[in-house]
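Q: Fold the following, please.
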Amino acid sequence: MRERGFTLVELVVVVAIIGTLLAIGSMQFSSMQRKSMVEAQARKIYSTLTDVRVEAMYTKTARAVLLNGMQLQIYPSGTATGTPSAVVPLSFAMADSTGGSAIVFDSHGILQTECSICVQPGGVAENPGYIDSVVVSTARSYMGKRQTGGTCVPANIDQR
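A: Model (predicted):
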C-alpha cells in the first residue's frame, strides 16, 4: 500500500524557496518605499512653494519661505523675521542654492533670483527618487532630478 503526501525534504525545499523570495521582496519593498518618500517630499516642497507664490499674488503682499533644518518656515511678509505663519515639517534633510537666505516672492508672485531645493536623504546627494529637486525661477517652478554628483544648483537639475 502506497502512502500519498509530501516528504519532509520536499516541504523543507518549498519553505526555503518561499523564504528566499520573501527576503528578496522585502529588500525591494524598502527600496521602493524610500524612493516614494523622497518623491513625496519633493512634491510637498513644490506644492508649498506654489501655494506661497499664489498667496502672495492673491493678497498682493510679499511672502518669504525659509529652509530651516528639516522644515519650511513660511512668513507673512517679505522678510524671514519674527514668527512664521506656518511651518511645514519634512522627513529628509535638504540642500539649497540660496545659501541660507529666504526665498522671497514679491506682491506679484515674482521671485528675483532663481533657486533650487534638493532632497538629500541621509545627507547624501545620491538617492533613488525619480524626482528629488524643485527649481523656483522668476515666474514658475518645476520639479526635476539632480544630475549624478552635481551640486544643488538649477543648472545641475534635469526637468521632469
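Q: count of neighbours near Ala86?
A: Other residues lying near Ala86 total 13 when counted by other C-beta atoms under 10 Å. Quick note: C-beta positions are derived from backbone N, CA and C, even for glycine.
Q: Run through the bridge partners of it.
A: Ala86 forms beta bridges with Ile74, as assigned by DSSP bridges.
Q: Offset the numbering so it begins at 124, please.
A: With the count now opening at 124, the last piece we talked about shows up as Ala209.
Q: you'd agree it is up against Ile197?
A: Yes - the pair Ala209 / Ile197 is scored as a contact, 4.3 Å apart, by C-beta atoms under 8 Å.
Q: hang on, Gln164 packs against Leu213?
A: Yes - using C-beta under 8 Å, Gln164 is in contact with Leu213, at 5.6 Å.
Q: Low-confidence stretches in the chain?
A: Low-confidence segments of the chain, defined by pLDDT under 70: 124-125.
Q: All the strands of it, in order from the start?
A: Ranges of strands in the chain, per DSSP state E, are 186-191, 194-198, 209-212, 216-219, 226-228, 238-243, 256-259, 264-269, 280-282.
Q: Point out the most buried one among those.
A: Ranked by mean neighbour count, the strands of the chain are led by strand 256-259 with a mean of 27 (mean count of other C-beta atoms under 10 Å).
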